[in-house]
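# return atomic coordinates for the entry below.
(one chain, ligands or ions: 1)
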Amino acid sequence: MKWRHEKDEVDAVIVGAGAAGGVLAKELSEAGLKVVVLEAGPWRDPQKDFASDELAMKCLAWEDTRFVDGADPMTMGHNNSGRGIGGGTQHFTGVFLRFHESDFKSKSIDGVGENWPIHYKDLEPYYAKIEKEIAVSGPKHFPWGNFNGPYPYPERNPLSPNAYLFQKGCETLGIQSCTTPLAILSAPFEDRPPCINRGFCNQGCMPNAKFSTLIVHIPKAVKAGAEVLPDCMVTQIEVNEYGKATGVLFVHEGATYRQRAKVVILCANVVETPRLLFHSANAQFPDGLANSSGWVGRAIMPHSSHDVYAKFEQEVRMYKGSPVLASTQDFYETDQRRGFARGYTIHAHGSRPVAMANGISKSLEGPIWGEKLRQVMLNYNFYGRLTMVGEVLPNRDNHVTLSDEKDDNGMPRAKVTFSYGDNDRKLIDHAIDNMKLILKAAGGQIEYVVPDTAHIMGGCRMGNDPSSSVVNAYGQCHDIPNLYISDASTFVTSSGGNPTNTVMALAARTADAIIELAASWS
Ligand SMILES: Cc1cc2nc3c(=O)[nH]c(=O)nc-3n(C[C@H](O)[C@H](O)[C@H](O)COP(=O)(O)OP(=O)(O)OC[C@H]3O[C@@H](n4cnc5c(N)ncnc54)[C@H](O)[C@@H]3O)c2cc1C
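Model prediction:
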């Protein structure tokens, strides 16, 4: 393999070209830094490689074996990972929310979780920048949190039948709801068309109406001079005798190569970032790089993401339109009367047939399979669905470690351990009750509750105290100052809302810090 910067020490090597990696690649290269991006997965062309096919597009996920355990082992794959240029943004649903001020201070406000080393105000300009550069569509007035709109682009219209039913149920019960802020265009922007409601967002968007870093940030980074190399799996971070990162080793088509860099930035997401840090252990850092605190891999948090299905008299046709088009955050903040801390978002979340069949086969009401499954699926058009995005509190015992089994590159496979806590379970029960009430108020008959998780966060949390966190407020490792982490692993708490706006805003903030640092190099 030959690449432009093979012999150079570049300014920055970025590991992973997902939500955060894409932002960093664009920002750093546009600031004039010499950047190489190494991505384990392929570089897809949406028009050639995305298919309107649920099964075929499972390939967008990280499919390598990962072991799971704990009281509530997570299903790893299409629902919580991405692989390839664009990472998880290739097939994410596009819900684009900001965290609330309380999310950064849950310890002080509610006595649970942990405080972040930053406030909402620190991220506010970065949220605004990211939303503007991808033309997020949203309502004129968003009723919750610190940002109430307007969004850069008008809200999506029309909504899906599933979303209208949700809004009807909410209205009957006096629950506020609104059109969801989405990283999906409501009108043309740059060279991209508005959404035409094909509904295959989770299979990759062929027309490019949905944002991904594959189609927005990476092309801009390349234009600004970044070298982006797909199918390159980073296996090790190299560190010299002074404890400074010098670059990375990566594998391409079975051969191992080296890329030297002044700054190494890990954007490999919640499982792979800790895995790389552990696998890069050496005599100086025997417990893994950046792990003097013992917090690498610790306090991982998925969102609880249970679905409730109801059957309606009239056709709903859940496949129509973007999967999520209406939401409520009326239950987002702590309400002492509920008996648990923190909260959740509810989305009207359409499901395609394979996802529904797969989901209800694991429903809490008992497994549905064989003839019964066939009969239910023959009535697919009559079902509606709501999904929760529930805050899961950080727990040190929920963690990523290395197993004894190795992959083809000789890297130990990751083991992911997860159990819900009492607060998490009470929160889930509350959300399920509310989703049932809303669906019933809309005229539905409740049939299935499907337990699920989504959006993993944590594992390399940020903090001011090097003895209880891995990186500082800018994503810089406490132990190795020229090693940065910028991905969902730096999250301190999970919030009750979808995370990618926050992942990207944090990445843009880290980019600014690195650009400032780079100014002192010459
Ligand atoms: C089906 C689905 C729906 C979702 N819907 C939403 C939504 O509606 N709203 C929302 O806010 N969030 C959503 N998410 C979550 C969102 O995708 C993630 O929050 C986001 O992508 C995380 O960004 P990241 O940069 O941390 O990691 P990723 O985007 O996952 O990027 C990590 C990249 O690193 C690469 N990588 C890993 N290890 C290595 C290595 N060793 N060498 C080289 N490359 C490596 C991976 O291949 C990947 O491309 C969804 C996710 C999924 C899977």
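# residues contacting stretch 336-345, please?
97, 106, 110-113, 304, 327-329, 331-335, 388-391, 393, 423, 426-427, 430-431, 496-498 (Cβ atoms under 8 Å, 6 or more residues apart in numbering). (Each C-beta comes from the backbone N, C-alpha and C, glycine too.)
# buried ones among those residues?
Buried members of those, counted by 16 or more other Cβ atoms under 10 Å: 97, 106, 110, 112-113, 304, 327-329, 331-334, 388-391, 393, 423, 427, 430-431, 496-498.
# residues from the stretch 351-500 of the chain in reach of the ligand?
Within the stretch 351-500 of the chain, the positions adjacent to the ligand are 455, 487-488, 498-500 by Cβ under 6 Å from any ligand atom.
# repeat the analysis, applying 8 Å as the threshold.
By the criterion of Cβ under 8 Å from any ligand atom, the positions of the stretch 351-500 of the chain lying close to the ligand are 454-457, 486-489, 497-500.
# N202 should be in a helix, yeah?
Yes - using DSSP: H, G, I helix; E, B strand; the rest coil, the assignment for N202 is a helix.
# what's the burial count for the nearest residue to it once chain neighbours are set aside?
Once flanking residues are discounted, N202 sits nearest to H91: 5.1 Å by Cβ to Cβ, 6 or more residues apart in numbering. Burial of H91, expressed as a neighbour count using other Cβ atoms under 10 Å, amounts to 27.
# if I look at H91, how far off is the ligand?
5 Å (Cβ to the nearest ligand atom, to the nearest Å).
# need the contact list for that residue.
Per Cβ under 8 Å, 6+ apart, neighbours of H91: 57, 60-61, 78, 82, 201-204.
# and the pLDDT at it?
Looking at H91, its pLDDT reads 98.
# how near is it to N197?
For H91, the distance to N197 equals 17 Å [Cβ to Cβ, to the nearest Å].
# surely K406 and R413 touch.
Yes - using Cβ atoms under 8 Å, K406 is in contact with R413, at 6.8 Å.
# who's more crowded, those two?
R413 (15 against 11).
# who's in contact with the more buried one?
Neighbouring residues of R413 by Cβ under 8 Å, 6+ apart: 64-67, 402-403, 405-407.
# name the element it belongs to?
Assigned by DSSP states H and E, R413 belongs to strand 412-417.
# and that strand, average pLDDT?
On average, strand 412-417 scores 98.
# adjacent strands (with direction) for it?
If you go by DSSP bridges, strand 412-417 pairs up with strand 67-69 (parallel), strand 399-406 (antiparallel).
# sorry, back to before: quick one, which of the residues of the stretch 351-500 of the chain next to the ligand are buried?
Counted by 16+ other Cβ under 10 Å, those give 454-457, 486-489, 497-500 as buried.
# now, those that are in helices?
T500 (DSSP state H).
# and the closest residue to G199 other than its chain neighbours, how many neighbours?
Leaving out its chain neighbours, the residue that sits closest to G199 by Cβ to Cβ, 6+ apart is Y319, at 5.1 Å. By other Cβ under 10 Å, 21 other residues sit near Y319.
# how about the host helix or strand of L325 and the ligand, touching?
Element membership for L325 (DSSP H and E) is strand 324-328. Yes - applying Cβ under 8 Å from any ligand atom, one finds strand 324-328 in contact with the ligand at V324.
# average pLDDT for that strand?
Summarised as a single mean, pLDDT over strand 324-328 is 98.
# where's the closest residue to F189 other than its chain neighbours relative to the ligand, distance?
Of all residues beyond its chain neighbours, the one nearest F189 is A135 (4.2 Å), with distances taken as Cβ to Cβ, 6+ apart. Applying Cβ to the nearest ligand atom, the value for A135 to the ligand is 16 Å.
# what's the burial count for A135?
When neighbours are counted by other Cβ under 10 Å, A135 registers 21.
# go ahead and confirm A163 touches P323.
No - checked against Cβ under 8 Å, the pair A163 and P323 is beyond contact range at 9.7 Å.
# alpha carbons of the strand holding R413, in PDB - could you do that?
What follows is strand 412-417, C-alpha atoms only, in PDB (Å, rounded to 0.1, in the frame of the first residue of the first chain):
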ATOM      1  CA  PRO A 412      -8.100  -9.600  21.700                       C
ATOM      2  CA  ARG A 413     -11.900  -9.300  21.100                       C
ATOM      3  CA  ALA A 414     -13.800  -6.900  23.200                       C
ATOM      4  CA  LYS A 415     -16.100  -8.000  26.000                       C
ATOM      5  CA  VAL A 416     -19.000  -5.700  26.900                       C
ATOM      6  CA  THR A 417     -20.600  -6.100  30.300                       C
END
